[in-house]
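Peer 1: structure, please.
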Amino acid sequence: MNPSPLQLFLRSVERFPDREAIVYGDQRVSYRELAGQAGAVAAFLRAQGLKPGARVGILVQNSPEYAAIYYGILAAGGVVVGLNTAAKARDLANWLQHADADWLFTESNQPELAALLDRLSGRIGLVEVGEARGDGEMSEHTNLAMLQPDFDAVLDVSDIVDEDSLASIIYTSGTTGQPKGVMLSNRNLHDNICSILDYLKLDEQDRVLNVLPFYYSYGNSVLHTHLAVGGTVILENSLLYPRKVMEKLVEEKATGFSGVPSTYSLLLNRTQLADYDLSSLRYLTQAGGAMAPANIQRLREQVPHAEFFVMYGQTEASARLSWLPPHMLDTKMGSIGVAIPGVTLEVRDEHGKPVACGDTGEIWATGENIMQGYWQDEELTSSVLHDGWLKTGDLAYCDEDGYLFIVGRSSEMIKSGAHRISPKEIEEVILELDGVEEVAAVGIADDMLGQIIKVVVVTTPDHELQKRDLQAHCRKNLASYKIPKQVEFVNEIPRTASGKVRRFMLQEPLPEQT
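Peer 2: Residues are numbered from 1 along each chain as shown. A predicted model of the protein is given here:
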C-alpha cells in the first residue's frame, strides 16, 4: 500500500491485533475492533457510491468512533474534513459548503445539529453517532451503531489510497470571512508522522493521555503517531477538572502527555503535580505557541524524570516543523529548536533571501509534509507557497549553533511609534510575577503612536494583583516603550480549540485607562 496514515494504522493492526488502541471511559478498544469499525464505515460509504476524493465531515468529540470514522473515510477513498465540535451552525455550514462535502458523521446530541441541517437544507448525507436525540422520535438517518463491523473492508484499499491524493482538509482557527482549508495529502501526513516518531522514539509500549481535539493538527498527530506504532491513546476530553486528568495519568500508567501552554498552566496552578505518582511518564510535549520559560522550569522541577519536548509547527505543515531536544533546554531556553527529520528551515528577508546568523526574518520551510495548498483558493495558496517552500509568517532568528528563536508573528507584531514589539517578550516578563496564570499582550489603536500596548491577565485564585504592580515589574525588565499602558484582569483569555489566543477579541481599548 502507498504511504498514508491508514497504511501505518493497518500495520499496527497486523502486528498487534489484540492490544489496546484507544481507552475512553469504560471502553477499551483493541486494534482489531477499531479496524472492524473503520471497515464498517468504509463499506457503507462505498455502498453509497462515494467517489474517490469526495469530502466527508466529522463532527464528533474525541472517541473510538472518531478514529474509526477517520480511517474508514480514508479506506473508502474519501477526504476527511474534521470539524470543531464547539463551533456554531453558521461556521459549520460555511465549512461544509466550502468543502462541498457529500457526507457528515455527527453526534446525535450535537447542540448545533438542528440549526446546521436547516442551513444545509438536506444537501448532505448524514450518519449519526451515539444514541438518538431525546425527542422520542426515531431518527430518519443512518446510525453508526447500525453498521456491521467489516474487518476486510478496511484492508482492501490498495487501489484506492494514493500517496499524493488528498487525505484531509483542516479549516484553520483564527480566520474570519473566507474559509481557509488546509489540504493535506496522504504523503504529507505519513511523512510528518514518521518524522515525529523519529525524535519521540515512540513504540508499542507507549500510552499517551490525550486532551487535545482530533479535529486540529496537534491532536490529530497525537492520534496517528501512537496508532502507527501500536501504542495506546487514552482519552480525557475535558480539562474542567484538572485533578481528574492527573488521576487518569496515574491510573492508566501513561507514558506520555501532550499539551499547549494553557494546558500546562492550568495543571501547574490548579494541582500539585508532585502529589501524584507519575513514575510511568516518559515524555511531555508542548506546541501551539510559546510556553513561558518559568512554567517550563516549574514543570521540570515537579516531573524531573520525564523528557520535555518543545515543538513548533503549523497546520500547513501537517503539524510539525521543529523540535528542541530535551537535553538542550537549559542552554537553548526559549528556542523552538531545529528542523525535524525530513524538513529544511531557513530564515529569509522580505525578498526571500536568507538572512545572516542573528538577524530577524521570516521562517520558510520545505519538506514532504508541506500542504498541497488551500482548498479552492489559488490566490491565498500562491501567497504562502513558493517553489515548494512555505512562508510561515513567523519572525525568528537563528543563533550560531543553528537553533531558531521566534520573536513574533508578522501579523501580531505591535507597531508603536517607530518600534516593532513582540507580544511574546512582554508576556514572558509578566508571567514571572507571582499570581499570574495567563497573559496576552496586544496592540490597540492610538492616534499618536499608531498602537499602544494592552495586556489581558488571568490571576490565580489566591492572588490579587494591581495594575501598578504589574507595570512596576515591567519597568524593571523592559524598555520604556514596551510598558503596557492598559491592563485588564479577566477570568479567562479567549482561545481557539487548538489553544491559540484570539488576540482580535482582546483589542477593545479600556476608556477609563486612556
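Peer 1: mind listing the helices in this structure by residue range?
Peer 2: 5-15, 31-47, 64-75, 89-99, 113-120, 151-155, 186-200, 217-228, 242-251, 261-270, 293-302, 378-384, 423-430, 467-477 (DSSP state H).
Peer 1: for residue 57, find the nearest of those helices.
Peer 2: Closest to residue 57 of the helices of the chain is helix 89-99 (CB to CB; 5.4 Å). All C-beta spots, glycine's among them, are computed from the backbone N, C-alpha and C.
Peer 1: now the closest one: mean pLDDT?
Peer 2: Average pLDDT, helix 89-99: 91.
Peer 1: from the middle of its chain, how far away would that helix be?
Peer 2: 20 Å (CA atoms, centre = their mean, to the nearest Å).
Peer 1: tilt between it and helix 113-120?
Peer 2: Helix 89-99 and helix 113-120 are oriented at 40 degrees to each other (axes from the mean of the first three to the mean of the last three CA atoms, to 10 degrees).
Peer 1: other SSEs contacting helix 89-99?
Peer 2: strand 55-59, strand 79-82, helix 113-120, strand 166-171, strand 181-185 (3 or more CB pairs under 8 Å, 6 or more residues apart in numbering; DSSP states H and E).
Peer 1: now the ones you listed as TSV including distance to residue 196, mean neighbour count and mean pLDDT?
Peer 2: Shown next, in TSV, are the helices and strands packed on helix 89-99 (distance: least, CB to CB, whole Å; neighbours: other CB atoms under 10 Å; pLDDT from 0 to 100):
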stretch	distance to residue 196	mean neighbour count	mean pLDDT
strand 55-59	22	25	98
strand 79-82	18	25	98
helix 113-120	33	16	94
strand 166-171	16	25	96
strand 181-185	14	24	97
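Peer 1: what are the buried residues along stretch 194-211?
Peer 2: Neighbour-count burial for stretch 194-211 flags 194-197, 199-200, 202, 206-211 (criterion: 16 or more other CB atoms under 10 Å).
Peer 1: how long is it end to end?
Peer 2: 22 Å (CA to CA, to the nearest Å).
Peer 1: tell me the bridge partners for residue 283.
Peer 2: residue 256, residue 307 (DSSP bridges).
Peer 1: list the contacts of it.
Peer 2: Counting by CB atoms under 8 Å, 6 or more residues apart in numbering, residue 283 makes contact with 200, 255-257, 306-309.
Peer 1: tell me the predicted confidence for it.
Peer 2: Reported pLDDT at residue 283 in the predicted model: 98.
Peer 1: look up how far residue 307 lies from it.
Peer 2: 5 Å (CB to CB, to the nearest Å).
Peer 1: please apply the same query to residue 289.
Peer 2: Residue 289 is 20 Å from residue 307, by CB to CB.
Peer 1: and if you look at residue 30?
Peer 2: From residue 30 to residue 307 the distance is 29 Å (CB to CB).
Peer 1: swap in residue 366?
Peer 2: Distance from residue 366 to residue 307, by CB to CB: 28 Å.
Peer 1: how about residue 431?
Peer 2: The gap separating residue 431 from residue 307 is 23 Å, by CB to CB.
Peer 1: what's in contact with stretch 321-334?
Peer 2: 199, 290, 293, 296, 300, 307-314, 335-340, 343, 345, 363, 365, 369, 392, 399, 401, 403-405, 428.
Peer 1: filter the residues you listed to the buried ones?
Peer 2: 199, 290, 296, 300, 307-314, 335-340, 343, 345, 363, 365, 369, 392, 403-405, 428.
Peer 1: pick the most deeply packed of the helices of the chain.
Peer 2: Highest mean neighbour count among the helices of the chain (mean count of other CB atoms under 10 Å): helix 64-75, with a mean of 27.
Peer 1: avg pLDDT for it?
Peer 2: Per-residue scores along helix 64-75 average to 97.
Peer 1: between it and helix 186-200, how big is the angle?
Peer 2: Going by the same axes, to 10 degrees, helix 64-75 makes 130 degrees with helix 186-200.
Peer 1: run through the chain and note the low-pLDDT ranges.
Peer 2: 1, 132-139, 157-160, 173-177, 410, 417-418, 420, 447-448, 497-498, 511-514 (pLDDT under 70).
Peer 1: burial of residue 462, as a residue count?
Peer 2: 8 (other CB atoms under 10 Å).
Peer 1: in contact with the nearest residue to it once chain neighbours are set aside, which residues?
Peer 2: In space, residue 462 comes closest to residue 435 once its chain neighbours are excluded; the distance is 7.6 Å by CB to CB, 6 or more residues apart in numbering. Contacts for residue 435 (CB under 8 Å, 6+ apart) come out as 459-460, 462-465.
Peer 1: can we see that at 6 Å?
Peer 2: 459-460, 463, 465 (CB atoms under 6 Å, 6 or more residues apart in numbering).
Peer 1: try residue 394
Peer 2: Here residue 394 is in contact with 363, 406, 409 (CB under 6 Å, 6+ apart).
Peer 1: bridged to the closest residue to residue 347 other than its chain neighbours, which residues?
Peer 2: Of all residues not flanking residue 347 in the chain, residue 361 sits nearest, at 4.2 Å (CB to CB, 6+ apart). Counting by DSSP bridges, residue 361 is bridged to residue 396.
Peer 1: ok, residue 361 to residue 352 distance?
Peer 2: Counting by CB to CB - residue 361 and residue 352 are separated by 10 Å.
Peer 1: what do you get for residue 120?
Peer 2: 42 Å.
Peer 1: pretty sure residue 312 sits against residue 336.
Peer 2: Yes. Residue 312 lies in contact with residue 336 (CB atoms under 6 Å); the separation is 3.8 Å.
Peer 1: now do the contacts for the residue nearest the centre of the chain.
Peer 2: For the chain, residue 218 is the residue whose C-alpha lies nearest the centre (CA atoms, centre = their mean; 3.2 Å). By CB under 6 Å, 6+ apart, residue 218 lies in contact with 212, 287-288.
Peer 1: ok, so what distance separates it from residue 407?
Peer 2: In terms of CB to CB, residue 218 sits 22 Å off from residue 407.
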